[in-house]
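1. Provide a 3D model corresponding to the input given below.
(2 chains)
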Amino acid sequence: DTGVSQDPRHKITKRGQNVTFRCDPISEHNRLYWYRQTLGQGPEFLTYFQNEAQLEKSRLLSDRFSAERPKGSFSTLEIQRTEQGDSAMYLCASSLAEGAGILGDTQYFGPGTRLTVL
Amino acid sequence: AQKITQTQPGMFVQEKEAVTLDCTYDTSDPSYGLFWYKQPSSGEMIFLIYQGSYDQQNATEGRYSLNFQKARKSANLVISASQLGDSAMYFCAMREGRTGANSKLTFGKGITLSVRP
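-> Modelled structure (predicted):
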């Protein structure tokens, strides 16, 4: 059983460019989450999907950010017109909502994509 | 008010000794879940242990246990018999609402643990 995977692991881009990250969740998990983590801080919630439906978006997710999960499997997070303030680690997690039992919808994280905007 | 507070700036422990990492939380929801994650320098968040608000007993998972004091709104992580590989950042997180209803996690700022040989 493979865990959550993210691609790329590192991305360096110039200000103003668009970037796209991919997340592949654990295969049987129906929920998928995106978080952003800046240096010295804990992860902050961005958005999450149940199957293909985007159920919640944080105010942190400005108009330049868009996330999709078209077939309820992998997800993409796109940042348009990147700014230096977008430099962070972008973490993806997945969970199984139904039948979670005592583990209460535990989220399992991928290795993250570290974005550097020059 | 912060929902999750982790105030210890950094912790040091001798190998094979036990260490407690503090976490206090704030919520008015009677249903919630508390989680601890470990983040090594590689960056991946590793799930360690979970405690539900209605659980009668403190959660345990191998060398990890959670000292859950509901009235004090604290959920401290206890690591027994520390190992060098335990050196990492540790995050406390909370999910408010009943299981499956509201999934997003709110994290604290984390605590750095260093295990000395």
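2. residue contacts, B:D26?
-> Neighbouring residues of B:D26 by Cβ atoms under 8 Å, 6 or more residues apart in numbering or on different chains: B:A1, B:Q2, B:K3, B:I4, B:T5, B:K73. (Each C-beta comes from the backbone N, C-alpha and C, glycine too.)
3. please disregard the earlier target; I meant A:G110.
-> A:G3, A:V4, A:S5, A:Q6, A:C23, A:L91, A:C92, A:A93, B:E44.
4. what's around the fourth one, how many residues?
-> The burial metric for A:Q6, expressed as a neighbour count using other Cβ atoms under 10 Å in any protein chain shown, is 20.
5. ok, what's across the strand from it?
-> Residues in a beta bridge with A:Q6, per DSSP bridges, are A:C23.
6. grab the nearest non-local neighbour of the closest residue to chain B within chain A.
-> Of all residues in chain A, A:G42 sits closest to chain B, at 3.1 Å by Cβ to the nearest Cβ. Among residues not flanking A:G42 along the chain, B:F107 sits closest, at 3.1 Å (Cβ to Cβ, 6 or more residues apart in numbering or on different chains).
7. that neighbour is in contact with B:M89, isn't it?
-> No - the criterion here is Cβ atoms under 8 Å, and B:F107 misses it with B:M89 at 10.7 Å.
8. could you pull up the contacting residues of the spatially most central residue of chain A?
-> For chain A, the residue nearest the mean C-alpha position is A:W34 (2.7 Å; Cα atoms, centre = their mean). Shown in contact with A:W34 (Cβ under 8 Å, 6+ apart): A:C23, A:F45, A:L46, A:T47, A:Y48, A:A67, A:S75, A:L77, A:Y90, A:L91, A:C92.
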